[in-house]
Each structure stands twice: as C-alpha cells, then as structure tokens.
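A.B. asks: sequence and predicted structure are below.
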Amino acid sequence: MPATLEVMIAAEEIQRRVREMGREIDADYPEGPIYLLSILKGSFMFLADLARAIERHSVRIEFMGISSYGRDKTSSGQVRVTKDLDVSLEGHHVLIVEDIVDSGVTLTYLTRVLEQRKPASLRIATLLDKPERRISPVQITYTGFQIPDRFVVGYGLDYAEDYRNLPSICVLTGE
C-alpha cells in the first residue's frame, strides 16, 4: 500500500506557536548566553525557527546526535550518542531542543549525560509531545503541541530519512 500523508498541524500554526515559545523563553531566562542544544537530525528546523523567535542577542547553538530509532517507527529503547558536543556547557544555561518526545527514554539518558557537565540550568523545549507513549518521566518546560499516538513526519521529522522537508506536521500511513 502506498504511503499517504494527512496534515495534523499546518505550517502557519507551527510558526505561530514557535513565536510564542520564543517569547516565553525570553521571559524566563536571565541575561547572558543561552545554549540551544539541537538533537539531530529531527529538531534542526524547529531549532532554526525557535532561535529566530528568541529576541536576546546571546543565543548559542550546538548540535548533538542521539539515536534510538534507526529505520523503525518506534524507539528501539537503546540510546547511543552519534555526535557529541564541541563545547563545554559548565556554568551555562542549556535548553535542549527536541522535535518530539514520546517514550522519554532518549531524553532521560541525555539529561543524565548533560547534568554531569554541570550546566547552570538544563531545560527541555519540544515541538511535539506524545505523553501517552511515556515510559520514562521527562520534565518538559516548553511544549509546542501535544499530539496523539500517531506516527508523524515533516518539519524535520522523518521516516527512513524522507519527509523532513514538509512544512507541516503530517500523519504518515500505509508505509
């Protein structure tokens, strides 16, 4: 059966919510630099738009690669770092920028790793949250949208590296 796409969250709605999140982040953080830590590859589009929505001048961007999916539609439960940071986070405010939080396994692992690096603060911003899939508890500070347990692609999210370029969040069926 060929894949079909159904728009769940339109591009305009995503952009409106990302701007709101930028204002929330500006209000919550003290002066000084903040590191936005993008989890590759899925969060790169969200990170770019969120960074532009934050009005402070001292936004620093870092990337980290974490994998728990491979080519499957569900997490394998085994997390591994595929790209580590290039800088020290000690004493800095860090905001992990995620595309989607579902089981919480990846973020539980990542927050443990990052807390050992002694940041001044460590919070999470996610575009999408699937709370009904949660296995490990995760404290999310900024959530774009809470969604049902459906497999979604677009706006950076993929299935086997396809569909990342879609401007909307879409439900993928039939693949």
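C.D. replies: Received the coordinates, thanks. Numbering: from 1, shown residues only.
A.B. asks: number of residues surrounding Pro131?
C.D. replies: By other CB atoms under 10 Å, 15 other residues sit near Pro131. Just so you know, the C-beta spots here come from the backbone N, C-alpha and C atoms, and that holds for glycine as well.
A.B. asks: same question for the one 10 residues further on.
C.D. replies: Other residues near Thr141 come to 16 when the count uses other CB under 10 Å.
A.B. asks: check contacts around the residue most central in space within the chain.
C.D. replies: The chain has Glu98 as the residue nearest its centroid, 1.0 Å off, counting by CA atoms, centre = their mean. With contacts defined as CB atoms under 8 Å, 6 or more residues apart in numbering, Glu98 is in contact with 39, 42-43, 107, 124-127.
A.B. asks: again, only using 6 Å
C.D. replies: When the contact criterion is CB atoms under 6 Å, 6 or more residues apart in numbering, the partners of Glu98 are 39, 43, 126.
A.B. asks: list the helices and strands the host helix or strand of the last one packs on?
C.D. replies: Taking DSSP states H and E as the definition, Thr126 sits inside strand 121-129. Taking 3 or more CB pairs under 6 Å, 6 or more residues apart in numbering; DSSP states H and E as the contact definition, the neighbouring helices and strands of strand 121-129 are strand 93-101, strand 142-146.
A.B. asks: neighbouring contacts of the lowest-mean-pLDDT helix or strand in the chain?
C.D. replies: The helix or strand of the chain with the lowest confidence, counting by mean pLDDT, DSSP states H and E, is strand 80-83 at a mean of 81. Outside strand 80-83, the residues within contact range by CB under 6 Å, 6+ apart are 64-65, 67.
A.B. asks: good, we can wrap up now.
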